[in-house]
Every structure is written in structure tokens, then in C-alpha cells.
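# Compute the structure for the input listed below.
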Amino acid sequence: MRTRRNQPDVPAPDSPWSEIVPRLWMGGHEYTGRSGEPEFAVVHDEFDLVLTLLRLPGHGPAPGVEHHVWPIPDGPLDGTQLAGVMRLARTADEARNEGRRVLVRCFHGYNRSGLVVAHALIRGGRGADESIRLIRARRSPWALHNELFVDYLRTGLATARLLEELAE
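Below you'll find the model as predicted:
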């Protein structure tokens, strides 16, 4: 199973979600199960807060679980989309600091969720490269393989947002 038809060498993750730091998880909607076949990652009530960057019907979370949806592409983002990523990262960081279990998810849990989780880690005091390394170590070496998102993180999302808005 692959993440994209135009990126055939990127394997799907082997778990639905991974804990990056205590109470902050990164994941997706689909992964490779123990049988080697694709499986759906359906969230029930494992988390207190779910932040979704790509919404697929039937994947949860359960009623009563706080859920924020901000669909973005796995590609260039405009200023409004970057502002939403920053808002979700702040929400994730604050909830985690309150002791809540947070899941940030996209399709496979590599790029879009990685952008939000990395920015949350940066908000918490880590550097961009340290955050990227930690995510790749805990989720997958394929996490944040979208080099544009890595550039956004190294530039700083606030600066990237201003640059995108100037370009618009």
C-alpha cells in the first residue's frame, strides 16, 4: 500500500497512530495491518481531542470527543491554510499541556499531521530540525517527506504565512 500514486516508493505506516511526545499522537486514516493488508484507522474515544486535516466519513471520533477539522492539501499552502495549521498546533500544544490526549491526523499520518505536530513541538521550545527528527523517529522515517513542509518549518510558519500572503 502506498501513500500516493505519484510517490510509489513511500510505504504506508504500520500503525494507525504513534505517540510523538507524551499525550501528543500523530496518525492517519489508513495503515498496513499485521496481515500486510490495508486497514482503516477508526478513532473511537482513545483521545480527548482529535485534529483532522483530511476527513473521511466513518473514521470517527466517537460522539463527545472534541474534534476540529481543517482540510488542507499535501502541497503548497496559502496564508489562510497556514494560519489554520498554526491555530491547530496551538490547540494541540495547549490541550497536551492540560493533560489531554491529542491525536493529529491526515491520510497516513506523515505530512499534514507532521506539519501541525512539528509546529506544536516548536511552540513548546524545540527547534525545527529536532522536531522533524523526533517525528521521523517516533512515527516513520517517511514522516515529513514533503520537503515544502520541512521548508515551512525551518523558515517558521509565521514567516512562511507572511511570504505566502505577499505572493497572493
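# contacts, neighbours, all on C-alpha from now
OK.
# buried sites along stretch 93-104?
Using 16 or more other C-alpha atoms under 10 Å as the burial criterion, the residues of stretch 93-104 that qualify are 93-96, 100-104.
# From these, which land in strands?
With strands identified by DSSP state E, the entries of those that belong to them are 102-104.
# wait, what's in contact with the residue most central in space within the chain?
With distances taken as C-alpha atoms, centre = their mean, the residue of the chain nearest its centroid is Ser113 (0.7 Å). Taking C-alpha atoms under 8 Å, 6 or more residues apart in numbering as the contact definition, Ser113 lies against 26-27, 53, 104-106.
# Contacts for the helix of greatest length in the chain, please.
Using DSSP state H to assign secondary structure, the helix with the most residues in the chain is helix 79-97. The set of residues external to helix 79-97 that reach it, using C-alpha under 8 Å, 6+ apart, is 22-24, 49, 51, 70, 72, 101-102, 104, 115-117, 119-121, 123-124, 157-158, 160-162, 164-165.
# can you map out the strands along this structure?
Counting by DSSP E, the chain has these strands, from start to end: 2-4, 7-11, 17-21, 24-27, 30-32, 38-40, 49-52, 66-69, 102-105.
# I only care about the contacts of Ser113 that end up buried; give me the ChimeraX line for that.
In ChimeraX, selecting the buried portion of the contacts of Ser113, with burial taken from 16+ other C-alpha under 10 Å, looks like this:
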select :26,27,53,104,105,106
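# Can you tell me which of the contacts of Ser113 is nearest Leu77?
Leu53 (12.6 Å; C-alpha to C-alpha).
# Contact partners for that closest one?
In this structure, Leu53 makes contact with 69-72, 104-106, 112-113, judged by C-alpha under 8 Å, 6+ apart.
# Make CSV out of the contacts of Ser113 and add distance to Glu147.
Conversion of the contacts of Ser113 to CSV gives the following (distance: C-alpha to C-alpha, whole Å):
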residue, distance to Glu147
Met26, 18
Gly27, 19
Leu53, 18
Val104, 19
Arg105, 19
Cys106, 17
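# any weak-confidence spans in the chain?
Applying pLDDT under 70 to the chain picks out residues 1-8.
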